[in-house]
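1. The amino acid sequence is not available; the structure is as follows:
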């Protein structure tokens, strides 16, 4: 008499194959995005939609829906692009080049490094 545990071979669990990468997956994704969007900023789709109500040529229906939804959180004031906040203080959206300049100014300003008070 066969026990309850005996069953056909096709019911056996298949092994899980785990692939080991040299770097975390999110790093690979960020690098792919940077290569793909090297000429434009992260917010260029939203900015274009707010300015003239159009989408990029590569945007499918799902992308268009996402851009419309995200655009509710942003505003153009003058020539600058801001993210709306709940406390009515809008946050300036900057380009990658502007971000690099700000980081350099903070770390290498005429007042010395930002940790200067802790060095003494």
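-> Arrived safely, thanks for sending. As the structure is a prediction and not an experimental result, all values here were calculated from the model. Residues are numbered from 1 along each chain as shown.

2. In contact with the residue nearest to residue 72 when sequence neighbours are not counted, which residues?
-> Residue nearest to residue 72 in three dimensions, not counting chain neighbours: residue 84, with 8.0 Å by Cβ to Cβ, 6 or more residues apart in numbering. For glycine as for every other residue, the C-beta is placed from the backbone atoms N, C-alpha and C. Residue 84 makes contact with 72, 73, 74, 75, 90, according to Cβ atoms under 8 Å, 6 or more residues apart in numbering.

3. Residue 71 against residue 50, yeah?
-> Yes. With contact defined as Cβ atoms under 8 Å, residue 71 reaches residue 50; the gap is 5.5 Å.

4. I'd like the secondary structure assignment at residue 76, please.
-> The three-state assignment at residue 76 reads strand, by DSSP: H, G, I helix; E, B strand; the rest coil.

5. so where's the chain shaky on pLDDT?
-> Scanning the chain for pLDDT under 70 picks out 1-11, 23-39, 109-120.

6. and the strand or helix carrying residue 81, which strands flank it?
-> Element membership of residue 81 [criterion: DSSP states H and E] is strand 80-83. Strand 80-83 sits in its sheet next to strand 74-77 (antiparallel), strand 91-92 (antiparallel), going by DSSP bridges.

7. Pick the most buried one from those.
-> strand 74-77 (a mean of 13; mean count of other Cβ atoms under 10 Å).
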